[in-house]
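A.B. asks: the following comprises the amino acid sequence and a computationally predicted model.
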2 protein chains.
Amino acid sequence: MEKWKVLKSEYVHKSPYGNIRKDTCELPNEFVIDEYIVNEYSDWVNAVVLTKENQMVLVEQYRHAGNDIYLEIPAGKKEDNETDEEAIRREIREETGFVSYKKPILLGEFMINPATQNNKIRTYLLLDAFKQFEQNLDETEEISVKLINFDSLGSLIKTNKIKTQLFTANAYFQAKIFFSENQLNRHKKVEV
Amino acid sequence: MEKWKVLKSEYVHKSPYGNIRKDTCELPNEFVIDEYIVNEYSDWVNAVVLTKENQMVLVEQYRHAGNDIYLEIPAGKKEDNETDEEAIRREIREETGFVSYKKPILLGEFMINPATQNNKIRTYLLLDAFKQFEQNLDETEEISVKLINFDSLGSLIKTNKIKTQLFTANAYFQAKIFFSENQLNRHKKVEV
């Protein structure tokens, strides 16, 4: 299977959040697609953040493309020269004020949608998180922090009782599978 | 928490695959974002397709934004007037030639990324699928059908031994959780 040949390429839009590129492509069968849109983004990181009391730290915010208010896990884009771990710790701290002495555990790493965008998301699990700081938001952000019991979130997602999005659901499923495979008894740890 | 006010809105690009809108937005704190990009798409559907022999039906294709060849579950956009069920059956048939007498089971329904795009993905599970037709592809599609044992796919995903994407991983996790919660013993059914 061959890649497509790019005959022409230009930028429709550029911004710190991402660029939009328009490519003219020739397929292996010589068919030409005049305008194939590619969304260029930095890689994104997000995390399931859990307190010792098994509460999951979520952020509620208005999302303009979806035109509604959504409950999501902390997330953001990697800044230049940041490692993934630095990026996710910074995003969590800025959006929620939570930190942890534990090392973030990588749950999964995926191209998001290689048909339309060029970036990956890496999903972490941060355990034993606690609130240490106030939020540190920029002027385009208005974020409410919500704590929800980890075990009850699954049915809230599945029954659409909360408005959330794919990244949050996927991260939750990965964390659930991680706990079941590692038989990590979070409740027991709290009692110790 | 308030929604943003749209001061100006224009289209940067329109195509049958999706539109790109550029909005000027005023936030509740009166801060103005000059150019907020919204990707407008139809809703998408995808499906975990399983044969009676517990093989998962996957499609391999070049994805231009990711500039590589990826293994994914069958997926596509809803056409006008189609129900979700009609759309997913059509996509599976066109991309793979597989059909089933069973009704597709809805595993989950999520906004994909309401920060950047306005559409949902609905993920189905189609059981007892079998090959009935040849593929029916358009001239922009080159797709290889691959069958992989359902139970072995999890570790292939987690160890990055196959190149895949978030939608496929999430659908797989949902199917895995569905089977464990419904205690549906697929292997036993084959033996009957």
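C.D. replies: That came in fine, so what should we check first?

A.B. asks: tell me, what residue is most central in chain A?
C.D. replies: Nearest to the mean C-alpha position of chain A, by CA atoms, centre = their mean, lies residue A:46 at 3.6 Å.

A.B. asks: which strands or helices does the longest helix seen in chain A pack on?
C.D. replies: Using DSSP state H, we find that the single longest helix of chain A is helix A:166-182. Counting contacts by 3 or more CB pairs under 8 Å, 6 or more residues apart in numbering or on different chains; DSSP states H and E, helix A:166-182 packs against strand A:44-51, strand A:68-72, strand A:105-111, strand A:120-131, helix A:150-158, strand B:105-111, helix B:166-182. For every residue, glycine as well, the C-beta is placed using N, CA and C.

A.B. asks: mind running it again at 7 Å?
C.D. replies: Here helix A:166-182 touches strand A:44-51, strand A:105-111, strand A:120-131, helix A:150-158, strand B:105-111, helix B:166-182, going by 3 or more CB pairs under 7 Å, 6 or more residues apart in numbering or on different chains; DSSP states H and E.

A.B. asks: just want the angle from that helix to strand A:105-111.
C.D. replies: 130 degrees (axes from the mean of the first three to the mean of the last three CA atoms, to 10 degrees).

A.B. asks: list the buried residues of helix A:166-182.
C.D. replies: By 16 or more other CB atoms under 10 Å in any protein chain shown, the buried positions in helix A:166-182 come out as A:166-179.

A.B. asks: on that earlier part again, go ahead and confirm the residue nearest to the centre of chain A touches residue A:167.
C.D. replies: Yes. With contact defined as CB atoms under 7 Å, residue A:46 reaches residue A:167; the gap is 5.7 Å.

A.B. asks: which neighbours do these two share?
C.D. replies: Jointly contacting residue A:46 and residue A:167 under the rule CB atoms under 7 Å, 6 or more residues apart in numbering or on different chains are A:75, A:121.

A.B. asks: where in chain A is pLDDT low?
C.D. replies: Along chain A, the parts satisfying pLDDT under 70 run over A:184-192.

A.B. asks: and the residue lying farthest from the centre of chain A, helix, strand or coil?
C.D. replies: Most distant from the centre of chain A: residue A:30, at 37.5 Å, with distances by CA atoms, centre = their mean. At residue A:30 the chain is in coil, as set by DSSP: H, G, I helix; E, B strand; the rest coil.

A.B. asks: how about the backbone phi and psi for it?
C.D. replies: Backbone dihedrals for residue A:30, given as degrees, to the nearest 10, come out at phi 70, psi 0.

A.B. asks: can I get the helices and strands packed on helix A:166-182 in TSV including distance to residue A:5?
C.D. replies: Formatted as TSV, the helices and strands packed on helix A:166-182 follow (distance: least, CB to CB, whole Å):
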stretch	distance to residue A:5
strand A:44-51	29
strand A:105-111	21
strand A:120-131	25
helix A:150-158	42
strand B:105-111	35
helix B:166-182	26
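
A.B. asks: winner for burial among those?
C.D. replies: Of all the helices and strands packed on helix A:166-182, strand A:44-51 carries the top mean neighbour count, a mean of 25, counting by mean count of other CB atoms under 10 Å in any protein chain shown.

A.B. asks: stretch A:114-125 near chain B at all?
C.D. replies: Yes. Using CB under 7 Å from any CB of the partner chain, stretch A:114-125 reaches chain B at A:114, A:115, A:116, A:117, A:118, A:121.

A.B. asks: and the contacts of that stretch?
C.D. replies: Applying CB under 7 Å, 6+ apart, the contact partners of stretch A:114-125 are A:38-48, A:84, A:88, A:104-112, A:167, A:171, A:174-175, A:178, B:63, B:65-66, B:68, B:70, B:165-166.

A.B. asks: and the end-to-end length of that stretch?
C.D. replies: Counting by CA to CA, to the nearest Å, you get 24 Å between the two ends of stretch A:114-125.

A.B. asks: how far is that stretch from where the chain is centred?
C.D. replies: Offset of stretch A:114-125 from its chain centre (CA atoms, centre = their mean, to the nearest Å): 8 Å.

A.B. asks: same deal with stretch A:152-162?
C.D. replies: 18 Å.

A.B. asks: likewise for stretch A:78-98?
C.D. replies: Offset of stretch A:78-98 from its chain centre (CA atoms, centre = their mean): 12 Å.

A.B. asks: list the buried residues of that stretch.
C.D. replies: A:78, A:82, A:84, A:87-98.

A.B. asks: which one of those sits closest to residue B:54?
C.D. replies: residue A:84 (35.0 Å; CB to CB).
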